[in-house]
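Engineer: My questions concern the predicted model and sequence given below.
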Amino acid sequence: MSTQKLPSPPKGLQAVVFDLDGVIFDSLPANIAFYNNILEHLGREPVAEQYAEIIHREAMQGSLEALLGTGEDFERAMAYWRTMDSAPFFKLLRLFPGARETIATLRGRWRTAVATNRTATARSSLAHFDLLKLFDLVANPDSAGQAKPHPAMMHQVLSHFGLEAEQVVYVGDSTTDEGLCQATGVRLVAFDNPSLNAWAHLDDLRDLPRLLGLP
């Protein structure tokens, strides 16, 4: 847990929403391998590691635009991506310590959801870890119509649960998550990123229940 003074637990909390990549699991090696596979299919150099920060936070379209621009190769890459089997890359994903136990603990008290810029593999990656059953909703750019930091995804979550922003906290790790929360008024719990403007910071998911007022 961060050494800074903890805020008081939020009153009237009804739901806890999680980002996926960088919060529930460490996906950087998998994302680099995934995008390098696309680049190599196009005959490009596998330079995805140089764009690690972008491909970590952006949805598919934004990541491919950063890697390829918006020309013919981008269109070829999007077409290839739609035919790819992403399952082999799941073996490179690693759950953060305490992720499963923490989510299960929170679900015993509140509604739980995911709001992620991961698109086609959002649900399947959770299913790979047998986590899908722990969430009431998985929202992403496909379901919301826009990627974070556009507020549409959080609006989908709030509408689904019939809640107001002050009844929800969001656990995220990137500037897109910061922007999402600033645009919607939802409290941000910043995970492993002290540079974010957030309601609270933590560096271990196992501290989240205590932060939210559970014993």
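Structural biologist: Thanks, I have the structure now.
Engineer: Against residue 52, how distant is the residue of the chain positioned farthest from its centre?
Structural biologist: In the chain, the residue that sits farthest from the middle, by Cα atoms, centre = their mean, is residue 43; the gap is 29.7 Å. Counting by Cβ to Cβ, to the nearest Å, the gap from residue 43 to residue 52 is 22 Å. The C-beta positions use only the backbone N, C-alpha and C, and glycine is treated the same way.
Engineer: follow-up on the earlier one: now the residue farthest from the centre of the chain, what's its secondary structure?
Structural biologist: With DSSP: H, G, I helix; E, B strand; the rest coil as the basis, residue 43 sits in coil.
Engineer: Check the gap between it and residue 73 for me.
Structural biologist: Separation of residue 43 from residue 73 (Cβ to Cβ): 9 Å.
Engineer: One more: residue 123?
Structural biologist: Distance, residue 123 to residue 73, using Cβ to Cβ: 28 Å.
Engineer: How about residue 54?
Structural biologist: Between residue 54 and residue 73 the computed distance is 17 Å (Cβ to Cβ).
Engineer: do residue 66 as well
Structural biologist: Residue 66 is 13 Å from residue 73, by Cβ to Cβ.
Engineer: ok, now residue 179?
Structural biologist: In terms of Cβ to Cβ, residue 179 sits 28 Å off from residue 73.
Engineer: I'd like to know how many residues surround residue 83.
Structural biologist: Residues near residue 83, counting by other Cβ atoms under 10 Å, number 6.
Engineer: Quick check: pLDDT value at it.
Structural biologist: pLDDT, residue 83: 91.
Engineer: so which helix or strand takes in it?
Structural biologist: Using DSSP states H and E, residue 83 maps to neither a helix nor a strand.
Engineer: if I pick it, what's in contact with it?
Structural biologist: Residues counted as contacts of residue 83 (Cβ atoms under 8 Å, 6 or more residues apart in numbering): none.
Engineer: So for stretch 134-154, mean pLDDT?
Structural biologist: The pLDDT scores in stretch 134-154 average 97.
Engineer: where do the helices sit along the protein?
Structural biologist: Assigned by DSSP state H, the helices in the chain fall at 28-41, 52-57, 60-68, 72-81, 87-90, 99-107, 122-128, 141-144, 152-161, 175-184, 208-211.
Engineer: counting contacts, what elements does the first one pack onto?
Structural biologist: Helices and strands touching helix 28-41, as assessed by 3 or more Cβ pairs under 8 Å, 6 or more residues apart in numbering; DSSP states H and E, comprise helix 52-57, helix 60-68, helix 72-81, helix 87-90.
Engineer: Could you list the buried residues of that helix?
Structural biologist: For helix 28-41, a neighbour-count test (16 or more other Cβ atoms under 10 Å) marks 28, 30, 31, 32, 33, 34, 35, 36, 37, 38, 39 as buried.
Engineer: Many thanks, we can stop here.
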